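>>> A structural model of the following input is requested.
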Amino acid sequence: MSPRSTVAWLDVSAGVAGDMCLGALVDAGLPLAALSEVVAALGLDGVRLEARRVTKGPLVATKVDVRLPQGASHPHDHAHVHGPGDDHGHDHGHRTLSDVLGLLRAAKGLPAEGVADAVRTFTLLAEAEGRVHGVAPEEIRFHEVGALDALVDVAGTCVGLRRLGVLEVRAGPMPWFTGRVRAAHGELPLPAPAVAHLMSGHPTWPSGETFEQVTPTGAALVRALSRGALPPVGFVPRTVGLGAGDHPGGRLPNVVRLVLGEVEDEPEVSDAVLLETNLDDATGQQIGHAIEAAIEAGALDAWAAPVTMKKGRPGVVLSVLAAPSDVAALEASLFRETPTLGVRRRTVARTVLARRAVLVTTPYGPIHVKVRTTPTGEEATPEYEECRLAGERTGVAWRRVAEAALGAWRASVQPLGA
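Modelled structure (predicted):
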């Protein structure tokens, strides 16, 4: 039997919001405790999660509620964003984009891919709000309570998908709705201005509804995670989860449908673009940050190699591997994050082995292993960060945890009777 990878398809035809995505994950089998671990890793003291079954029209779905500390309340799934100077007399705190990204990057024990997805989601959200307010994304301020709410929704969704072994996300067309919403400056047309920017480039359909079906956080998640509007060829559905929103719904029940399925693993042959720049006047911190920024902006890979430049000066070649559609954004990132005066590019062909994440059970707790399919068979590598944290928690060397995880994976693929 050919190895298979897990792909998620999001049916957002009835709308999408952050809490709806969390509910769909739990309904599809993700333990609520896994989402609570995300909250703990982010250091959000006093924030807790609750899950309950609700009925939306003819459907039964899961509703996940984010309970904020000290009885704070705020309309769910709205980051409540201000541009500079928009204080409106509030005395509550705010978080900048830098504050939010700092919390995400400082979180321990979360899969790196999930954190990168969350960083990309918040960056898209800030960019959209920045366009609305006419300011740079870095100047956008998230209301403290709304930022906590959105942090849980975004990080929980991005990490939760990885915990379920999802390697790729597809999302169907979002509904294009109309009507008005009351905001701090008065009434605004729907979709809300930031949502309209975030929906740009993604397929939509005219729903005819006059309530807010897509929230800023929901739209940002779709834009950051989706790699297409249709399931891939050969997609075999396995599990369906329904996540409920707060609105009763209109022509369609107010739910997000998450379908987890599998596709056969086959080596992928495709073109990529290699971006390179020579640097002899950048600090180590600048180079390291430029690599991190490129990965968060969607780079397939990024690295630096030492070279000797003219007049014998030491330097580095900073390289970024990009999908053709991401070249402009990644080139802009290199110009923004380094002192380079130019970036060269060339198209390269690459063969990518199929890979998937598998969760195995060990005496030290559940551990993910990354499985790749080679011409001679499958090979697995335990996730280092999970092994390290499990080792610290149980008082054993991380290598012992890794060996146990690898052994558990080998046992799981051993033919019966062997």
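>>> Domains in the protein, by residue range?
4-264, 268-352, 355-413 (automatic domain parsing).
>>> ok, and which of those has the densest surroundings?
Stretch with highest mean neighbour count among those: domain 4-264 (a mean of 19; mean count of other Cβ atoms under 10 Å). For the C-beta atoms, the positions are set from N, CA and C on the backbone; glycine is no exception.
>>> In a strand, residue 409, correct?
No - counting by DSSP: H, G, I helix; E, B strand; the rest coil, residue 409 falls outside a strand, being helix.
>>> Check the gap between the residue nearest to residue 95 when sequence neighbours are not counted and residue 331 for me.
Closest residue in space to residue 95, ignoring its immediate chain neighbours: residue 147 at 4.4 Å, by Cβ to Cβ, 6 or more residues apart in numbering. Look at residue 147 and residue 331: by Cβ to Cβ, to the nearest Å, they are 30 Å apart.
>>> Please, where are all the helices along this structure?
In the chain, the helices defined using DSSP state H lie at 18-27, 32-41, 97-106, 112-133, 144-163, 193-199, 216-225, 284-296, 327-337, 384-394, 398-413.
>>> and the angle from the third one to helix 284-296?
What that stands for is helix 97-106. Helix 97-106 and helix 284-296 are oriented at 90 degrees to each other (axes from the mean of the first three to the mean of the last three Cα atoms, to 10 degrees).
>>> tell me what helix 97-106 is packed against?
With contacts taken as 3 or more Cβ pairs under 8 Å, 6 or more residues apart in numbering; DSSP states H and E, helix 97-106 sits against helix 112-133, strand 141-143, helix 144-163.
>>> Quick one: closest of the ones you listed to residue 172.
Counting by Cβ to Cβ, residue 172 lies closest to helix 144-163 out of the helices and strands packed on helix 97-106; the figure is 16.0 Å.
>>> Quick check: which ranges of the stretch 301-418 of the chain have low pLDDT?
Counting by pLDDT under 70, the stretch 301-418 of the chain shows low-confidence ranges at 413-418.
>>> cool, the chain as well?
The model of the chain has pLDDT under 70 over residues 1-3, 70-93, 144-146, 184-185, 265-269, 413-418.
>>> and residue 236, which of the helices of the chain is closest to it?
Taking Cβ to Cβ, helix 144-163 is the member of the helices of the chain nearest to residue 236, at 18.0 Å.
>>> which residue is nearest the centroid of the chain?
Nearest to the geometric centre of the chain sits residue 117, at 2.6 Å (Cα atoms, centre = their mean).
>>> Enumerate every residue touching the nearest residue to residue 297 once chain neighbours are set aside.
Once flanking residues are discounted, residue 297 sits nearest to residue 333: 5.0 Å by Cβ to Cβ, 6+ apart. Neighbouring residues of residue 333 by Cβ atoms under 8 Å, 6 or more residues apart in numbering: 290, 293, 294, 297, 320.
>>> residues touching the first one, list them.
Going back to what we said before, that points to residue 290. Contact analysis of residue 290 by Cβ under 8 Å, 6+ apart lists 282, 302, 318, 333, 334, 337, 338.
>>> Check the third one too.
Residues in contact with residue 294 (Cβ under 8 Å, 6+ apart) are 302, 320, 330, 333, 334, 337.
>>> returning to what we had before: could the helices of the chain go into CSV alongside distance to residue 308?
What follows is the helices of the chain, written out as CSV (distance: least, Cβ to Cβ, whole Å):
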stretch, distance to residue 308
helix 18-27, 50
helix 32-41, 42
helix 97-106, 33
helix 112-133, 32
helix 144-163, 40
helix 193-199, 46
helix 216-225, 40
helix 284-296, 16
helix 327-337, 21
helix 384-394, 33
helix 398-413, 37
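>>> pretty sure residue 30 is in contact with residue 165, am I right?
No - taking contacts as Cβ atoms under 8 Å, residue 30 lies outside contact range of residue 165: 10.5 Å.
>>> before we move on, the earlier item: is it true that the residue nearest to the centre of the chain touches residue 224?
Yes - taking contacts as Cβ under 8 Å, residue 117 lies within contact range of residue 224: 6.0 Å.
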